[in-house]
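Student: From the sequence below, what's the structure:
(one chain, ligands or ions: 1)
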Amino acid sequence: MSGPALVVVEPGTGPGRGAELTAAARAGGHEQVVALSLSADPPAAAAADLDLVAAEPPTALDATAVAAFVDAAASAVGASSAFLPATETGTAAGAALAARRDGAFCEDVIALAVRDGALVATSGREEPLLADLALPADRFAVIAVRPGAFPPATGATAERQLAPPAAPTAAEAEDAGEVRLLESRPAAADAVAVAGVLFGIGRGVEGRDGIERVAALAAANGAAVCATRPHIATGWLGRDRLVGRSGATAAPRLYVAFGVSGASQHLVGLERCEALAAVNNDPEAAIFARADLGIVADLDDVLPVLERLLADPAS
Ligand SMILES: Cc1cc2nc3c(=O)[nH]c(=O)nc-3n(C[C@H](O)[C@H](O)[C@H](O)COP(=O)(O)OP(=O)(O)OC[C@H]3O[C@@H](n4cnc5c(N)ncnc54)[C@H](O)[C@@H]3O)c2cc1C
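Tutor: Numbers count the residues shown, from 1 in each chain. As a prediction, the model looks like this:
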């Protein structure tokens with residue numbers, strides 16, 4: 001590859017994410033990798049253990065601003081490609097960056113290879129259908145890497161300072177495409193990513209009361225709480241609690257799934273979970289195929305028992 005790869009470390013996506021992106025860049029034929037942090041907080045980028053380009057990142061993680069920031073950094077280091085996490089922020093900013101650079105973009109990448117000098121990216125976007133896309137060698141390549149898809153790599157640490165890039169002009173913002181609104185993830189995403197014990201709240205847990213009951217059980221066990229998409233969609237839990245394809249990746253020692261069906265879009269965020277226990281009233285639920293311990297029961301029966309046991313472990 002002609003220039004280094006720029007890996008973009010997004011705050012709040014869990015430790016080691018920069019190192020995962022580095023592994024992806026190396027799989028894509030890049031020996032030289034430079035990290036760019038989207039956080040003014042150096043530890044977020046230092047965790048990447050890479051050459052670090054320091055500059056003033058955009059305060060709001062807006063796709064247009066992030067794309068302009070990464071674009072300027074890529075020019076400064078002569079990068080030939082950029083690797084971002086396939087979060088909503090990373091994916092939208094990646095698309096906007098590719099549009100700015102008239103480059104090639106591939107999202108939800110789970111594997112990379114170099115074939116006949118061309119970068120070939122495998123996208124899991126339409127899973128179970130996987131698509132291999134050969135990216136033209138003469139185009140700037142933008143790769144949005146699925147969190148957890150590549151085992152973290154390590155590299156040497158050094159720092160370089162970049163002049164802050166100029167804010168995009170209105171015309172540039174227009175050119176960057178239609179994507180505008182991005183989320184900024186508060187610290188809970190980190191809590192989910194690093195949790196040793198994680199309780200997953202699925203649609204089988206009913207209403208706010210049900211969520212609060214499971215959250216109380218989690219707190220009493222020193223566990224963190226995450227959720228499937230339906231509860232995020234209702235707004236009952238923050239987006240930073242979402243685990244899966246569109247959210248965080250977690251690697252707990254134990255995941256306890258309450259009323260979670262086991263959709264692949266959720267389980268993809270738990271591939272590195274060590275042990276999984278599930279409570280579901282449907283014996284055919286897909287979660288049981290992945291579970292180490294399965295309890296076929298109604299949560300209305302199970303939750304009171306768990307609450308009683310916690311209140312009086314001798315009972
Ligand atoms: C592009 C795309 C991206 C997506 N990204 C994500 C993602 O990142 N994360 C994610 O989670 N989802 C994601 N989804 C949604 C995903 O496909 C599923 O719809 C979602 O995970 C289902 O959530 P659930 O298991 O809580 O709900 P459901 O599928 O409705 O399952 C609820 C389960 O609870 C059980 N149940 C019901 N009542 C009780 C009870 N009283 N006691 C015990 N069990 C009970 C039922 O048997 C059922 O198995 C995505 C979907 C798409 C298309």
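Student: Buried residues, stretch 66-77. List them.
Tutor: The neighbour-count check on stretch 66-77 (16 or more other C-beta atoms under 10 Å) flags 66-74, 76-77 as buried. Quick note: C-beta positions are derived from backbone N, CA and C, even for glycine.
Student: how about the residues you listed in a markdown table, adding secondary structure and distance to the ligand?
Tutor: Rendered in a markdown table, the data for the buried residues of stretch 66-77 read as follows (DSSP: H, G, I helix; E, B strand; the rest coil; distance: C-beta to the nearest ligand atom, whole Å):
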| residue | secondary structure | distance to the ligand |
| --- | --- | --- |
| Val66 | helix | 21 |
| Ala67 | helix | 22 |
| Ala68 | helix | 27 |
| Phe69 | helix | 26 |
| Val70 | helix | 24 |
| Asp71 | helix | 27 |
| Ala72 | helix | 31 |
| Ala73 | helix | 28 |
| Ala74 | helix | 28 |
| Ala76 | helix | 34 |
| Val77 | helix | 32 |
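Student: which regions of the stretch 201-315 of the chain lie under the pLDDT threshold?
Tutor: Per-residue confidence of the stretch 201-315 of the chain (counting by pLDDT under 70) places the weak regions at 312-315.
Student: ok, 80 please
Tutor: When the per-residue scores of the stretch 201-315 of the chain are filtered using pLDDT under 80, the ranges that remain are 233, 235, 239, 310-315.
Student: What is the burial count for Val120?
Tutor: Using other C-beta atoms under 10 Å, Val120 has 16 other residues around it.
Student: Also Asn281?
Tutor: Asn281 is flanked by 15 other residues according to other C-beta under 10 Å.
Student: Could you find the closest non-adjacent residue to it?
Tutor: Sequence neighbours aside, Asp298 is the residue nearest to Asn281 in space, at 4.6 Å (criterion: C-beta to C-beta, 6 or more residues apart in numbering).
Student: What of Ser2?
Tutor: In space, and not counting its chain neighbours, Ser2 is closest to Ser80: 4.8 Å by C-beta to C-beta, 6+ apart.
Student: repeat for Gly117
Tutor: Counting by C-beta to C-beta, 6+ apart, the residue nearest Gly117 is Ala137, at 5.9 Å.
Student: doesn't the one you found fall inside a strand?
Tutor: No. According to DSSP: H, G, I helix; E, B strand; the rest coil, the state of Ala137 is coil, so it is not within a strand.
Student: and the gap between it and Val268?
Tutor: Here Ala137 is placed at a distance of 30 Å from Val268 (C-beta to C-beta, to the nearest Å).
Student: okay, these two: which has more neighbours?
Tutor: Neighbours were tallied for Ala137 and for Val268 using other C-beta under 10 Å; the higher tally belongs to Val268 (22 against 15).
Student: I'd say that one and Leu242 touch.
Tutor: No. Assessed by C-beta atoms under 8 Å, Val268 is found out of contact with Leu242, at 12.0 Å.
Student: TSV please, covering the buried residues of stretch 66-77 and showing distance to Leu310 and pLDDT.
Tutor: As requested, the buried residues of stretch 66-77 are exported to TSV (distance: C-beta to C-beta, whole Å; pLDDT from 0 to 100):
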residue	distance to Leu310	pLDDT
Val66	43	88
Ala67	48	91
Ala68	51	89
Phe69	47	87
Val70	47	91
Asp71	52	92
Ala72	53	88
Ala73	50	87
Ala74	52	91
Ala76	55	85
Val77	53	86
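Student: quick check, nearest of these to Ala98?
Tutor: The shortest gap between Ala98 and any of the buried residues of stretch 66-77 belongs to Ala67, at 8.6 Å (C-beta to C-beta).
Student: Name the nearest residue to Ser123, ignoring sequence neighbours.
Tutor: Spatial nearest neighbour of Ser123, excluding adjacent residues (C-beta to C-beta, 6+ apart): Ala131 at 4.9 Å.
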